[in-house]
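Engineer: what follows is a predicted protein model with its sequence.
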Amino acid sequence: MAKISVKYFKTRAGHEADIGHLSLTPAEHESIAVKIADKISFSAILDKVRDSVKNSELERIHLITRKDLYNIENSYNLNSASVRHREDAVSGVSWAKEMENTGNVLLYKA
């Protein structure tokens with residue numbers, strides 16, 4: 001009978017400390033989301049973040065990309081053209097109207 005030995009690595013080899021494979025912190029996400037919500041351009045956000053490097057201490061935030069900004073914008077639903085109402089019923093109606101042209105809503109009953 002053959003014997004099989006397996007070694008399991010929870011993280012992929014070589015990526016544990018690689019700064020490019022780290023995630024932004026929730027606080028960094030929120031800070032960037034506020035800037036996007038304030039209509040600060042992506043270029044200005046990227047410039048400000050990259051200019052914040054001090055003493056050559058590079059952190060994940062300094063490697064932020066335009067794709068990261070788009071992902072944050074989408075995760076906070078900041079790319080939506082309509083403004084939602086505090087009442088869920090009104091918010092649902094505005095969302096359904098916005099989605100009518102996208103084909104994402106199959107059935108909506110008010």
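Structural biologist: Thanks, I have it.
Engineer: where in the chain is the helix or strand with the lowest mean pLDDT?
Structural biologist: helix 88-99 (a mean of 66; mean pLDDT, DSSP states H and E).
Engineer: quick one: low-confidence parts of the chain?
Structural biologist: 9-21, 80-95, 104-106, 108-110 (pLDDT under 70).
Engineer: helices of the protein, residue ranges please.
Structural biologist: 26-37, 42-51, 66-75, 88-99 (DSSP state H).
Engineer: now the ones you listed as a markdown table including distance to residue 5?
Structural biologist: Just so you know, the C-beta spots here come from the backbone N, C-alpha and C atoms, and that holds for glycine as well. A markdown table is the format used below for the helices of the chain (distance: least, Cβ to Cβ, whole Å):
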| stretch | distance to residue 5 |
| --- | --- |
| helix 26-37 | 40 |
| helix 42-51 | 46 |
| helix 66-75 | 40 |
| helix 88-99 | 53 |
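Engineer: what's the closest of these to residue 60?
Structural biologist: For residue 60, the closest of the helices of the chain is helix 26-37, at 7.8 Å, according to Cβ to Cβ.
Engineer: please name every helix or strand in contact with that closest one.
Structural biologist: helix 42-51, helix 66-75 (3 or more Cβ pairs under 8 Å, 6 or more residues apart in numbering; DSSP states H and E).
Engineer: outline the domain layout of this protein.
Structural biologist: Per automatic domain parsing, the domain ranges recorded for the chain read 19-79, 81-110.
Engineer: for the helices and strands packed on helix 26-37, which one sits closest to residue 7?
Structural biologist: Per Cβ to Cβ, nearest to residue 7 of the helices and strands packed on helix 26-37: helix 66-75, 33.3 Å.
Engineer: all good on my end, thank you.
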